[in-house]
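In: pasting the structure only:
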């Protein structure tokens, strides 16, 4: 096989989720609705993932307002756990082979 024929083809949803994870991990804030709109998704497309942030909200690690997620903890490594909720592949059974796991 030629190297140019191997690789990963990213779906539109992969690119959208990547943008959310990027902003959250790099800037510690992400406007989920704005990114969804930019990628052609309805602003409520990831409401389940946002709802799953409730334990982080309860602990004061993140806040959510109008689908804007802000990370507040001084323990910056926890941002990976928050970002993982938006990563559809981290929830799959193959997540055992992922390299960037925190827990």
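Out: Everything's here; your move. Quick caveat: nothing in here was measured; it's all calculated off a predicted structure.

In: return the distance of the residue nearest to the spatial centre of the chain relative to residue 77.
Out: Ranked by distance to the mean C-alpha position of the chain (C-alpha atoms, centre = their mean), the top residue is residue 86 at 3.1 Å. Distance of residue 86 to residue 77, given as C-beta to C-beta, to the nearest Å: 17 Å. Yep, even glycine has a C-beta here, placed from its N, CA and C like the rest.

In: check residue 9 too.
Out: Distance from residue 9 to residue 77, counting by C-beta to C-beta: 31 Å.

In: for residue 59, same thing?
Out: Counting by C-beta to C-beta, the gap from residue 59 to residue 77 is 15 Å.

In: before we move on, what about residue 12?
Out: Between residue 12 and residue 77 the distance is 30 Å, computed by C-beta to C-beta.

In: go through the longest helix belonging to the chain and flag the buried ones.
Out: Assignment by DSSP state H gives helix 12-27 as the longest helix of the chain. Neighbour counts using 16 or more other C-beta atoms under 10 Å place 16-17, 19-21, 23-25 of helix 12-27 among the buried residues.

In: quick one: which of these is nearest residue 39?
Out: Nearest to residue 39 among the buried residues of helix 12-27 is residue 16, at 3.9 Å by C-beta to C-beta.

In: returning to what we had before: between residue 9 and residue 77, which has more neighbouring residues?
Out: The neighbour count for residue 9 versus residue 77, taken as other C-beta atoms under 10 Å, is higher for residue 77 (8 against 5).
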